[in-house]
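# Whatever this is, show me its structure:
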Amino acid sequence: MFAGSDRGGPRAADMYSRIVIAKLNDVDPQACLADVLARINDQPVSCLHEFLPWNWENTRHANHTQR
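From the prediction side, this is the model:
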């Protein structure tokens, strides 16, 4: 009803789930999402697990130290 379209509800639910999962893993949801959106286009499908909240902190720090 409040999502604006039939597909908006499931998309909103997905985003809320991602935010809560990040918080449960002691990860800043905004920082995580911004970093994932900035890097996801350059990642092969086989490395997408690195963007999961419980893996994100370690891979983010590893990528920043490599540059």
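
# For the host helix or strand of residue 39, what is the distance to the chain centroid?
Secondary structure from DSSP states H and E places residue 39 in helix 29-39. Distance of helix 29-39 from the chain centroid (C-alpha atoms, centre = their mean, to the nearest Å) equals 6 Å.

# Flag the shaky bits of this structure, pLDDT-wise.
Where the chain drops to pLDDT under 70, the residues are 1-2, 58-67.

# Okay, buried residues for the longest helix along the chain please.
Secondary structure of the chain per DSSP state H: the longest helix is helix 8-24. Using 16 or more other C-beta atoms under 10 Å as the test for burial, helix 8-24 gives 18, 19, 22. All C-beta atoms are positioned from the backbone trio N, CA, C, and that covers glycine.

# now the angle from the helix holding residue 39 to helix 8-24?
110 degrees (axes from the mean of the first three to the mean of the last three C-alpha atoms, to 10 degrees).

# counting contacts, what elements does helix 29-39 pack onto?
Applying 3 or more C-beta pairs under 8 Å, 6 or more residues apart in numbering; DSSP states H and E, one finds that helix 29-39 contacts helix 8-24, helix 53-66.
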